[in-house]
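Sharing a sequence plus its predicted fold:
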Amino acid sequence: MTTDISALTVRQLQKETARVLSANDGFHNHELVKFNKLAHHDSREWYCAVIKWYVDQYGDLPSRAGPGTAVILLMDNSQ
């Protein structure tokens, strides 16, 4: 399934990014630096870069595919 990441609200982007970061214990500083370079001082673009990386790896949003589906967000109000 293809999702238009740009159509997500900031809160949805934050939640999906939280799933990515929580599900990937192997994240190292060089991955985070890569995202920082893609989104120079723009948090929305940073969230999109992280999620796009995840979608490339697992085929869909973290809430729908891959290890992100196992992450339970404490403040998830099921929007």
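Done, it's in. Note that this is a predicted model, so its numbers are computed, not measured. Residues are numbered from 1 along each chain as shown.

For this structure, give me the ranges with low pLDDT.
1-2, 26-29, 77-79 (pLDDT under 70).

now the helices: where do they sit in it?
Using DSSP state H, the helices assigned to the chain run over residues 10-23, 29-38, 43-58.

what packs against the longest one?
Pointing back at helix 43-58 there. Counting by 3 or more C-beta pairs under 8 Å, 6 or more residues apart in numbering; DSSP states H and E, the packing neighbours recorded for helix 43-58 are helix 10-23, helix 29-38. (Glycine included, C-beta is placed from N, CA and C.)

Dead centre of this structure: give me the residue that sits there.
residue 17 (2.8 Å; C-alpha atoms, centre = their mean).

looking at it, that residue is touching residue 51, isn't it?
Yes. Assessed by C-beta atoms under 8 Å, residue 17 is found in contact with residue 51 at 6.2 Å.

want to try TSV for the helices of the chain, with distance to residue 64 as columns?
TSV is the format used below for the helices of the chain (distance: least, C-beta to C-beta, whole Å):
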stretch	distance to residue 64
helix 10-23	9
helix 29-38	21
helix 43-58	9
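
These: which one's closest to residue 66?
Closest approach to residue 66 among those (C-beta to C-beta): helix 43-58, 3.2 Å.

Residue 6 and residue 50, how far apart?
14 Å (C-beta to C-beta, to the nearest Å).

When those two are compared, which one has more neighbours?
residue 50 (26 against 8; other C-beta atoms under 10 Å).

how near is the more buried one to residue 74?
From residue 50 to residue 74 the distance is 19 Å (C-beta to C-beta).
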